[in-house]
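[1] my questions concern the predicted model and sequence given below.
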Amino acid sequence: MDVRRICAVAQEVGDHKDFAAKEKQSVLLLEAAARQGARLAVFPETINLYCGDGPNNPRMLSPADAAFDDLTPVKNLLNRARELKIALAFGVFIRERGELYNRMYLFGEDGSELGHYTKRNPTAEELADGVRPGPEQQPLMNWDGVLTGGAICFDTHFEEVFTSQRRDGARLILIPSLWDGGRWLPSFAFRYSLTLVVAYGAWSKIIHSDGRILAENGHRSEAVRFGHFPPLSIADVNFDTETFHICRNIDKLPAILAEYGSRLQYVPDEQNSVFHLTSLSHDFTIADLVRKFKLLPYQEYFQSYKHQKAVCMKQRENKTPQK
């Protein structure tokens with residue numbers, strides 16, 4: 001069992017007097033997340049867009065105008081996160097060696113930088129404004145044992161952003177954004193066994209690796225706009241979970257359920273030909289069950305199938321008579 005409370009913060013760009021005013025608001029939202037017991041708070045794309053919200057707003061900032069040369073301007077936010085012992089992720093326009101990037105940084109509960117993800121697919125407008133694309137392959141970040149990747153806003157249109165990071169072992173993708181990510185995100189979460197955290201001012205959400213939306217909230221909600229609810233989406237995510245295709249796995253399920261009983265959550269999903277297993281105990285992990293019962297997790301099942309098919313095709317080629 002590995003349960004962690006995660007918060008997606010629906011902070012709007014706003015129309016603040018200066019960045020210091022937006023950072024002050026960010027600290028207040030971070031404190032609200034910490035009071036709710038969150039271990040990780042994820043803020044939206046480009047925290048340094050602090051004014052000019054809305055179309056044709058005369059105060060709208062360009063990426064170059066908003067960009068930081070380093071993270072000194074967010075030192076109060078970083079210091080408060082360290083004091084609260086809460087992990088923190090946010091998007092930011094940043095200059096590096098004379099180039100402009102749209103980047104997400106992730107900091108651990110102790111305040112240490114765990115790494116960053118650079119937007120692989122800036123919008124056409126960003127490219128015109130000089131924002132450089134990030135590399136196609138980027139190292140994952142390790143959040144206390146959970147390998148974590150990223151996607152930023154327009155990246156969510158590109159499935160390979162998710163498939164490549166899943167191949168590298170990611171189980172969690174953080175998505176600072178200026179839109180809600182589209183209807184395909186639950187499909188990506190299910191298909192690639194990924195937990196997705198979308199932080200967007202209008203509508204943030206947390207999507208389980210089985211495709212369910214665990215929490216969603218934002219300024220589209222009247223209750224948030226009227227100040228009744230804080231603009232936070234909060235969910236408890238158990239990362240000790242796995243999805244299994246029924247083929248080559250279903251026959252082992254009765255023995256597993258008989259032995260582990262109430263210490264294990266079993267969720268059948270016959271419509272998608274899978275079932276989900278989640279450990280509810282600190283005495284064993286789902287990885288232990290995979291080894292003990294020789295289970296094939298969903299991703300490995302299809303890798304095994306592709307290998308089997310390739311071998312079959314190769315054998316067929318070898319048996320084809322030569323003319």
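    Yep, it's here.
[2] mean pLDDT per helix and strand in this protein: which one sits at the bottom?
    Least confident helix or strand, the chain: helix 298-319 with a mean of 88, by mean pLDDT, DSSP states H and E.
[3] so what does that one touch, helix or strand wise?
    strand 241-245 (3 or more CB pairs under 8 Å, 6 or more residues apart in numbering; DSSP states H and E). All C-beta spots, glycine's among them, are computed from the backbone N, C-alpha and C.
[4] helix or strand next in line after the strand it packs on, which one?
    helix 253-260 (DSSP states H and E).
[5] what comes up buried for that following helix?
    253, 256, 260 (16 or more other CB atoms under 10 Å).
[6] how about stretch 108-119?
    For stretch 108-119, by 16+ other CB under 10 Å, it's 108-109, 111, 114-119.
[7] mind listing residues that contact it?
    For stretch 108-119, contacts defined as CB atoms under 8 Å, 6 or more residues apart in numbering pick out 39, 78-79, 81-82, 85-87, 101-107, 126, 131, 133-135, 138-144, 148-155, 174.
[8] show me this structure divided up by domain.
    Domain ranges of the chain: 3-238, 242-309, per automatic domain parsing.
[9] contacts only, for residue 203.
    10, 180, 216-220.
[10] pLDDT below threshold where in the stretch 201-323 of the chain?
    Counting by pLDDT under 70, the ranges of the stretch 201-323 of the chain that qualify are 320-323.
[11] switch to 90 and redo it
    Counting by pLDDT under 90, the stretch 201-323 of the chain has low-confidence residues at 299, 303, 314-323.
[12] before we move on, back to that, give me the angle between the least confident helix or strand of the chain and strand 241-245.
    30 degrees (axes from the mean of the first three to the mean of the last three CA atoms, to 10 degrees).
[13] any idea how far helix 298-319 is from the chain center?
    31 Å (CA atoms, centre = their mean, to the nearest Å).
[14] who's residue 148 bridged to?
    residue 141, residue 172 (DSSP bridges).
[15] related to what we said a few turns ago, show me how to select, in PyMOL, the buried members of the contacts of residue 203.
    Selection of buried members from the contacts of residue 203 for PyMOL, criterion 16+ other CB under 10 Å:
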select buried, resi 10+180+216+217+218+219
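[16] for the contacts of residue 203, please prepare CSV with the additional fields secondary structure.
    Below are those laid out as CSV (DSSP: H, G, I helix; E, B strand; the rest coil):
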residue, secondary structure
10, coil
180, coil
216, strand
217, strand
218, coil
219, coil
220, coil
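[17] quick one: buried ones out of the contacts of stretch 108-119?
    Buried residues within the contacts of stretch 108-119, counting neighbours by 16+ other CB under 10 Å: 39, 78, 81-82, 86-87, 101-107, 126, 131, 134, 138, 140-141, 143, 148-155, 174.
[18] which pLDDT value goes with residue 83?
    We have a pLDDT of 98 for residue 83.
[19] you'd agree it is in a strand?
    No. If the criterion is three-state DSSP, then residue 83 is helix and not within a strand.
[20] how about the strands in the stretch 101-250 of the chain?
    113-118, 141-143, 146-150, 172-176, 195-199, 204-207, 213-217, 232-238, 241-245 (DSSP state E, counting those that start in this stretch).
[21] can I get the ones you listed in TSV including distance to residue 297?
    Shown next, in TSV, are those (distance: least, CB to CB, whole Å):
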stretch	distance to residue 297
strand 113-118	24
strand 141-143	20
strand 146-150	15
strand 172-176	16
strand 195-199	15
strand 204-207	19
strand 213-217	21
strand 232-238	16
strand 241-245	5
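[22] and these: which comes nearest residue 18?
    strand 172-176 (21.2 Å; CB to CB).
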